[in-house]
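Asker: Okay, predicted coordinates and the sequence, questions at the end:
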2 protein chains.
Amino acid sequence: MKRILSALIFSTLFFCIQAQQDKAFVDSLFHIALTNGRAYEDLRFLTKNIGGRLTGSPEAAAAVEFTRQRMEAYGFDTVWLQPVMVPHWVRGEKPERGRVLSNTFGTIDLPVTALGNTVGTGFPGITAEVIEVKSLDEVLELKEKDVKGKIVFFNRPFDETEFSTFSAYGGAVDQRGSGPAEAAKKGAVAVVVRSMGNKINKVLHTGMTRYQPNVPKIPAVAISTYHAEELSAMLKSDNELNIYLETHCEFLPDKLSYNVIGQINGTEFPEDFIIVGGHLDSWDVGEGAHDDGAGCVQSIDALRVLKLSGYQPKYSIRAVMFMNEENGLRGGRKYAELAQKNNENHLAAIESDRGGFSPRGFTTTGTDEQEKMIQGWAPLMFDWGYYDFSKPGGGADISPLAVQNTLLIGLYPDSQRYFYIHHTPNDVFETVNQRELELGVGGLASMLYLLDKNLEKKNKK
Amino acid sequence: MKRILSALIFSTLFFCIQAQQDKAFVDSLFHIALTNGRAYEDLRFLTKNIGGRLTGSPEAAAAVEFTRQRMEAYGFDTVWLQPVMVPHWVRGEKPERGRVLSNTFGTIDLPVTALGNTVGTGFPGITAEVIEVKSLDEVLELKEKDVKGKIVFFNRPFDETEFSTFSAYGGAVDQRGSGPAEAAKKGAVAVVVRSMGNKINKVLHTGMTRYQPNVPKIPAVAISTYHAEELSAMLKSDNELNIYLETHCEFLPDKLSYNVIGQINGTEFPEDFIIVGGHLDSWDVGEGAHDDGAGCVQSIDALRVLKLSGYQPKYSIRAVMFMNEENGLRGGRKYAELAQKNNENHLAAIESDRGGFSPRGFTTTGTDEQEKMIQGWAPLMFDWGYYDFSKPGGGADISPLAVQNTLLIGLYPDSQRYFYIHHTPNDVFETVNQRELELGVGGLASMLYLLDKNLEKKNKK
């Protein structure tokens, strides 16, 4: 009994000393991030000197080169480009136009933005009657004769009572993702979707839609929440109201692009990996500051901070700039495919792709044991505003690594501002706060450290 | 034993049912705040139609009238103005000028903003040699002959490793508050203070300084953190560098102004009060959006939301718009003085004056029992992002109520962005996010409800 007790005391004591040492080291990583961070200046370059980085654009290529150079300048052990063929959708040079044509209300301007990956209307555009629905189910229930030749207007707002704006987004985004295909099945000629944003304002949110095989590809645009409310009100008085749409987007042939990877070699198990990343591409309407310039520069800086701390990781640590998350996920898929092919064992992958806002915690998708382990680290970061490690989730780009049973982790920042900015012209450098960004870097570096220290090497075969 | 056990089970069950009911009611208050809030539109009026509201200004008077009218329109039981004589400091109409005059570097523009309540230099300004210090202590240690006739430059930066930016502010603000008086004691002719802000940028932060009796009142200005770094670097090469300063601020005679109070009458103890408030005055350089338009409109909306919920409070609940927090605290002092005089028993007072950002919790200063009780409510608001109820603190305007042993509470929002905005031209409506503001309203309404339900009436005498 005495022996058990002293073993217990010893191990508790050891745990406490261990936890204190971890806490001190985590604090030191945050200190470096907050006083010696590079993420904010890197983001300034990425947004202000390069700008929006739609897959296939010259800006996306410039961002590949810029992040490669930064990681080399920061002295990572290896930095390289991983080729990946990407889709090449372009918005087109000519203005996008929308207009309400009503016998009751007259001719009213309706600002629109094309959804990503859609076909354009071309010249002279499309004019058709409008039918409003609130959901995909409503479209499924409609008779073909009620939809045929019309423009379907998807107008389901965000549920503002959701604390998580990502949940509210998830509850509305099927309209944008599948709305055009479902409407086309019923004979619609175009689709107008309420912007995926909180509250009522005039901001236009783009984002990808998905066509289906053997279903006509019809043009699709978003309108602002303000104009969605206005259009809905007009339709109540004039159900013969028409809309005119003109867009010029199109697909060009696939193009060669790259994931950009920087690595710090592991001292014990260099062939096993822990990675952290974001996606380098962004929509073209803004500067891709929060989505996801922030995640990219944070990932790079997390490695730099870890290096500066003097910590020598057991496993190889990588920062990965994924290409083409927004309209294809080709980069994420390619990375996982090559990891499998090259027998690269990925123990854990972290993604930062929920905006560069004040962090509140991490999401985790792994085994029960892994999730419990990570939740146990919450007290180590509480002083830095991280308190919630309870939610599931990883990130889009790292999700294909699930085939390796990789532990998937997502940085979980405050989400209240995100859907005012996401996929809009508001996604600019000025909306990112330096300290909020840096607190994310501190958390990512700490998570890399804790994973490296605590994850056990698994034998893949 | 059986009886004790069933009593225990019964009371646990009762507690659970009670907690569930409280949780449901708190949720309903947040739902109202997020779907039917008025705070954001009220803030738009206060900032965009009225603007900065320096004590004694026509804008401050307009804000008194506006908030009175809003509270009447929202149907509060009583709305009234509480007269208070306030200081009337004006910045002056003529431009504020600063200039570095150096034989080494030449003549360089140095943007300045006068500190609140300072005297101006008048025309033709002051030109003098500069001596840099990092702290008040450093000034105390200097010999009079080294300071006499010079401009003292206080250049202690924020400690960026503090997670709480309010702590970083607290660690630097004595330079602004007492720097001019301490420098004057040693014979300085003026003071230049590094802006009270995080990181390096060109933003000018004003704020109050305090002269001392029988010490000469010398002009004092702030310069940006960017220019503070630049000036410091220049002083290293040229310690005979001069600065030219010109400001035209002055004190006019005290003026009549008002605290604005709206009340919902208590059903059981109408003579006992729980209040929530912010300060209506703001600095003149911005629109007073976060500091503290946000706290004002949140307080009003918290009462409106509570009313809309149908909850009938036991105690009388007030929203109080305090006047003159920024450069005098006359409103807060007058309110407490009249509360004492009129035998108004204040059980609890909440203040929102830390910016309209995403809430993270509440601070509390009360008895151990009270603090423990409030910490027990944390789980009721966790789903709304409130998790930290552990910190002490109330608010400046409510602090004079401490003489009544009033339980003092502060809304505790995310503070990372605050000291980029506080007391600057950046303090405008556009920097406030609607959902973040409304989550504060939900929390204030919930706190009012929980206090009203759980606080026991105390007999003052």
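Answerer: Yes, it's here.

Asker: who are the neighbours in contact with whichever residue of the stretch 201-350 of chain A sits closest to chain B?
Answerer: Residue of the stretch 201-350 of chain A nearest chain B, by Cβ to the nearest Cβ: residue A:201 (8.8 Å). Bear in mind the C-beta positions are built from the backbone N, C-alpha and C, glycine included. Counting by Cβ atoms under 8 Å, 6 or more residues apart in numbering or on different chains, residue A:201 touches A:224, A:225, A:226, A:420.

Asker: Filter the residues you listed down to the ones in helices?
Answerer: Per DSSP state H, helices hold the following members of the contacts of residue A:201: A:225, A:226.

Asker: Which among the contacts of residue A:201 count as buried?
Answerer: Buried by 16 or more other Cβ atoms under 10 Å in any protein chain shown: A:224, A:225, A:226, A:420, out of the contacts of residue A:201.

Asker: wait, doesn't the third one sit right on residue A:204?
Answerer: Read it as residue A:226. No: the criterion here is Cβ atoms under 8 Å, and residue A:226 misses it with residue A:204 at 10.1 Å.

Asker: How about residue A:318, nearest residue that isn't a chain neighbour?
Answerer: Nearest in space to residue A:318, with sequence neighbours left out and distances taken as Cβ to Cβ, 6 or more residues apart in numbering or on different chains, is residue A:275 at 4.3 Å.

Asker: secondary structure class for that neighbour?
Answerer: Three-state call for residue A:275 (DSSP: H, G, I helix; E, B strand; the rest coil): strand.

Asker: Helices along the stretch 151-300 of chain A, start to end?
Answerer: In the stretch 151-300 of chain A, the helices defined using DSSP state H, counting those that start in this stretch lie at A:165-170, A:174-185, A:225-237, A:294-308.

Asker: can you list the residues of chain A near chain B?
Answerer: Within chain A, the positions near chain B by Cβ under 8 Å from any Cβ of the partner chain are A:30-31, A:34-35, A:160-161, A:163, A:165, A:198-199, A:358, A:360, A:383-385, A:387-388, A:414, A:416-417, A:420, A:433-436, A:439.

Asker: What subset of those is buried?
Answerer: The neighbour count (16+ other Cβ under 10 Å) marks A:30, A:34, A:160, A:163, A:165, A:198-199, A:358, A:360, A:384-385, A:387-388, A:414, A:416-417, A:420, A:433-436, A:439 as buried among these.

Asker: Show me where the stretch 1-150 of chain A dips below the pLDDT cut-off.
Answerer: Filtered on pLDDT under 70, the stretch 1-150 of chain A yields the residue ranges A:1-8, A:10-15.

Asker: Which residues are in contact with the residue most central in space within chain A?
Answerer: With distances taken as Cα atoms, centre = their mean, the residue of chain A nearest its centroid is residue A:353 (4.0 Å). When contacts are counted by Cβ under 8 Å, 6+ apart, residue A:353 touches A:278, A:279, A:291, A:292, A:295, A:325, A:395, A:396, A:397, A:410.

Asker: TSV for these, including pLDDT and neighbour count?
Answerer: Formatted as TSV, these follow (pLDDT from 0 to 100; neighbours: other Cβ atoms under 10 Å in any protein chain shown):
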residue	pLDDT	neighbour count
A:278	98	29
A:279	98	30
A:291	98	27
A:292	98	32
A:295	98	31
A:325	98	26
A:395	98	27
A:396	98	16
A:397	98	30
A:410	98	24
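
Asker: Out of the residues you listed, flag the one nearest to residue B:251.
Answerer: residue A:291 (49.9 Å; Cβ to Cβ).

Asker: By residue count, tell me the biggest strand in chain A.
Answerer: Using DSSP state E to define each element, chain A has its longest strand at strand A:250-264.

Asker: Pull up the gap between the residue nearest to the centre of chain A and chain B, please.
Answerer: Residue A:353 sits 19 Å away from chain B, going by Cβ to the nearest Cβ, to the nearest Å.

Asker: what do you get for residue A:374?
Answerer: Counting by Cβ to the nearest Cβ, the gap from residue A:374 to chain B is 18 Å.

Asker: Then residue A:174?
Answerer: Taken as Cβ to the nearest Cβ, the span from residue A:174 to chain B is 22 Å.

Asker: That residue and residue A:136 touch, don't they?
Answerer: Yes: Residue A:174 is within contact range of residue A:136, at 5.6 Å (criterion: Cβ under 8 Å).

Asker: Could you export the host helix or strand of residue A:335 as PDB, CA atoms only?
Answerer: Using DSSP states H and E, residue A:335 sits in helix A:330-341. Presented in PDB, the C-alpha positions along helix A:330-341 are these (Å, rounded to 0.1, in the frame of the first residue of the first chain):
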ATOM      1  CA  ARG A 330      -7.100  19.900 -55.200                       C
ATOM      2  CA  GLY A 331      -4.200  20.900 -53.100                       C
ATOM      3  CA  GLY A 332      -5.500  19.100 -50.000                       C
ATOM      4  CA  ARG A 333      -6.300  16.000 -52.000                       C
ATOM      5  CA  LYS A 334      -2.900  16.000 -53.700                       C
ATOM      6  CA  TYR A 335      -1.000  16.400 -50.500                       C
ATOM      7  CA  ALA A 336      -2.800  13.400 -48.800                       C
ATOM      8  CA  GLU A 337      -2.400  11.300 -52.000                       C
ATOM      9  CA  LEU A 338       1.300  11.900 -52.100                       C
ATOM     10  CA  ALA A 339       1.600  11.300 -48.300                       C
ATOM     11  CA  GLN A 340       0.100   7.900 -48.800                       C
ATOM     12  CA  LYS A 341       2.100   7.100 -51.900                       C
END
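
Asker: circling back: can you tell me which of the helices of the stretch 151-300 of chain A is most buried?
Answerer: Stretch with highest mean neighbour count among the helices of the stretch 151-300 of chain A: helix A:294-308 (a mean of 29; mean count of other Cβ atoms under 10 Å in any protein chain shown).

Asker: packing partners for the helix or strand just after it?
Answerer: Using DSSP H and E, the helix or strand that follows helix A:294-308 in sequence is strand A:315-322. Strand A:315-322 is packed against helix A:58-73, strand A:250-264, strand A:269-279, helix A:294-308, helix A:330-341, helix A:434-454, with contacts defined by 3 or more Cβ pairs under 8 Å, 6 or more residues apart in numbering or on different chains; DSSP states H and E.

Asker: Centre of the chain to strand A:315-322, how far?
Answerer: The chain centre lies 17 Å from the centre of strand A:315-322; the measure is Cα atoms, centre = their mean, to the nearest Å.

Asker: again with stretch A:334-344
Answerer: Stretch A:334-344 sits 22 Å away from the centroid of its parent chain (Cα atoms, centre = their mean).

Asker: Can you pull out the residues in contact with that stretch?
Answerer: The contact list for stretch A:334-344 (Cβ under 8 Å, 6+ apart) reads A:82, A:84, A:259, A:271, A:273, A:320, A:322, A:346, A:397, A:400-401, A:403-404, A:460.

Asker: So which bits of that stretch are buried?
Answerer: A:334, A:335, A:336, A:339, A:344.

Asker: Bridged to the spatially closest residue to residue A:303 that is not a sequence neighbour, which residues?
Answerer: Distance criterion Cβ to Cβ, 6+ apart; nearest residue to residue A:303, sequence neighbours excluded, is residue A:319 at 4.8 Å. Beta-bridge pairing for residue A:319 (DSSP bridges): residue A:262, residue A:276.

Asker: tilt between the helix holding residue A:335 and strand A:269-279?
Answerer: Counting by axes from the mean of the first three to the mean of the last three Cα atoms, to 10 degrees, helix A:330-341 lies at 170 degrees to strand A:269-279.

Asker: got the angle between whatever helix or strand comes next after helix A:330-341 and helix A:330-341?
Answerer: Downstream of helix A:330-341, the next assigned helix or strand under DSSP H and E is strand A:345-351. Relative orientation of strand A:345-351 versus helix A:330-341 (the same axes, to 10 degrees): 160 degrees.
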